[in-house]
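In: Quick one: sequence plus predicted model below, questions after.
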Amino acid sequence: MASIRDVALKAGVGIGTVSRALNGTGYIAEETKKKILDAVKELEYVPNELAQNLYRKRSGFVGVMVPDLEHPFFSGLTKYIENELYKHGYKCMTCGVDKKFLKQEEYLEMLQRNVMDGLISCVDLAVDTDISNIRRPIVCMDRSWGPNVANIHSDHRRGGLMAAEALLKGGCQKVVQFMPMPFDNWGFLERHKVFRERMEGEGRSVLEVYTPTDRMVFEYSDWVKQECARFIDYADGIFADDIAAITCLKVAREHQIDVPGKLKIVGYDGIPLTRIIHPTITTVCQNLPEIAKRCVNTIMQEIEGAKLIELEQIVDVSFQEGGTV
């Protein structure tokens, strides 16, 4: 396998000149540059990526912390982020932290040690974790890590209103919504707040069922199934994340309750599974490709040293018509 020394000999230049030509640093005459590129092509020289990254003081990796890759929303988001990073010449280092905050600390240490050039986080910052001493790029998706950390998220307010309007149009009077505990400081709680306000503003009853903190695994659907069975004969409308919405549809079928005749269901997220089952789940869709693009573009700006970063970026949502409303 050809080395950089072989390329230099073939082109009749010094090793440093070859290095500058390949790294795009410093002035090199066009004629000399052409000789070097011709030599690279003829010798089929493959640059040492690790050496190039060390020269640039970069690792070539961006970390992506997600709660759990088992959840289709985060596995889909990670796929789009990985594709976007690749366009910028970066590799994706996926970090599934679940509820193991020790793992989060380890990944933050890797960021601090320059093992990663930046970090995109889709998880909460562990309690008592201080990131003020980390002078490396961090971007959050739907989480708040502080006033100086960029946060990209969906327009949850509009999403909550979309869900409410669908159930109001369907004539629902007694609605149940699955949601995290209200003291959780997450931006996506806005959708549940505006949903309740809109429904109650029209004189409709809203029963809130608080979900467990671990909502990222499919065992969550077993918990939803038990809870749903308790009020399935009471409610005529349900608003929940897609996994819970699909589970409630299953419970309704088991209890021989007509959907959407007697019970109407609206989901949230827009995961592909909602379009595979029958009937298709009526749901509010988050734009994963756009969210991923914004996250990557922002982390790239930070890596390149941009001074002005848009700290809050809101991505529009869309409504998927289905057969559950």
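Out: Received the coordinates, thanks. Numbers count the residues shown, from 1 in each chain.
In: can you list the residues that contact whichever strand or helix holds Lys10?
Out: Counting by DSSP states H and E, the element that carries Lys10 is helix 4-11. Residues outside helix 4-11 that contact it (Cβ atoms under 8 Å, 6 or more residues apart in numbering): 14-15, 17-19, 32, 35-36, 38-40, 42-43, 45, 47-48. Heads up, the C-betas are built off the backbone N, CA and C, glycines and all.
In: how does it look with 10 Å?
Out: Identification of contacts with helix 4-11 by Cβ atoms under 10 Å, 6 or more residues apart in numbering yields 2-3, 13-19, 21-22, 32-43, 45, 47-48, 51.
In: Please check these and keep the buried ones.
Out: Burial by neighbour count, 16 or more other Cβ atoms under 10 Å: within the contacts of helix 4-11 this picks out 13, 17-19, 21-22, 32-33, 35-36, 39-40, 43, 45.
In: how about TSV for these, with distance to Ser154 added?
Out: Shown next, in TSV, are those (distance: Cβ to Cβ, whole Å):
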residue	distance to Ser154
Val13	53
Thr17	50
Val18	48
Ser19	45
Ala21	44
Leu22	41
Thr32	51
Lys33	46
Lys35	52
Ile36	48
Ala39	50
Val40	45
Leu43	50
Tyr45	46
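In: Let's see which of these end up in helices.
Out: Counted as lying in helices by DSSP state H, out of those, are Thr17, Val18, Ser19, Ala21, Leu22, Thr32, Lys33, Lys35, Ile36, Ala39, Val40, Leu43.
In: Can you tell me which of the residues you listed is nearest Ala229?
Out: The closest of these to Ala229 turns out to be Leu22 (Cβ to Cβ; 64.3 Å).
In: For this structure, which element, helix or strand, carries the lowest mean pLDDT?
Out: helix 49-55 (a mean of 53; mean pLDDT, DSSP states H and E).
In: surely Met199 meets Lys169?
Out: No: using Cβ atoms under 10 Å, Met199 is not in contact with Lys169; the gap is 12.0 Å.
In: Neighbour count for those two, which is higher?
Out: Taking other Cβ atoms under 10 Å, Met199 and Lys169 do not tie; Met199 has more neighbours (25 against 10).
In: and the more buried one, what element?
Out: Applying DSSP H and E, one finds Met199 within helix 190-201.
In: pLDDT of that helix, averaged?
Out: Computed over helix 190-201, the mean pLDDT rounds to 96.
In: how far out from the middle of the chain is it?
Out: Offset of helix 190-201 from its chain centre (Cα atoms, centre = their mean, to the nearest Å): 25 Å.
In: ok, the residue nearest to the spatial centre of the chain to Leu167 distance?
Out: Nearest to the mean C-alpha position of the chain, by Cα atoms, centre = their mean, lies Leu77 at 4.4 Å. In this view, Leu77 and Leu167 are 27 Å apart by Cβ to Cβ, to the nearest Å.
In: Repeat that for Pro212.
Out: Distance, Pro212 to Leu167, using Cβ to Cβ: 24 Å.
In: Compare these two (neighbour count), which wins?
Out: Leu167 (27 against 11).
In: List the contacts of that one.
Out: So Leu167 contacts 173, 175, 177, 195, 198-199, 202, 204, 206, 236-239, 264-266, 282, 325 (Cβ under 10 Å, 6+ apart).
In: That one is in what secondary structure piece?
Out: Element membership for Leu167 (DSSP H and E) is helix 156-169.
In: same check, this time on Leu119
Out: Element membership for Leu119, per DSSP H and E: strand 118-121.
In: all helices of the protein, in order?
Out: Using DSSP H, helices in the chain cover 4-11, 15-23, 30-43, 49-55, 72-87, 101-112, 156-169, 190-201, 219-231, 242-254, 273-276, 288-303.
In: Which strands or helices does the second one pack on?
Out: The reference is to helix 15-23. helix 4-11, helix 30-43, helix 49-55 (3 or more Cβ pairs under 10 Å, 6 or more residues apart in numbering; DSSP states H and E).
In: on that earlier part again, distance check, the residue nearest to the centre of the chain against Ile271.
Out: Taken as Cβ to Cβ, the span from Leu77 to Ile271 is 10 Å.
In: any low-confidence regions in the chain?
Out: Per-residue confidence for the chain (pLDDT under 70) gives these ranges: 23-25, 47-58, 98-102, 183-186, 214-217.
In: these two touch, right, Glu219 and Glu70?
Out: Yes: between Glu219 and Glu70 there is a contact at 9.5 Å, judged by Cβ under 10 Å.
In: These two - which one has more neighbours?
Out: Taking neighbours as other Cβ under 10 Å, Glu219 and Glu70 compare with Glu70 leading, 15 against 11.
In: contacting residues for His156?
Out: Taking Cβ under 10 Å, 6+ apart as the criterion, His156 is in contact with 142, 186-195, 268, 284, 286, 314, 317.
In: Which single one of those residues is nearest to Leu308?
Out: Nearest to Leu308 among the contacts of His156, with distances taken as Cβ to Cβ, is Ile314, at 17.8 Å.
In: What sits closest to that closest one if chain neighbours are left out?
Out: Spatial nearest neighbour of Ile314, chain neighbours left out: Asp155 (5.1 Å); criterion: Cβ to Cβ, 6 or more residues apart in numbering.
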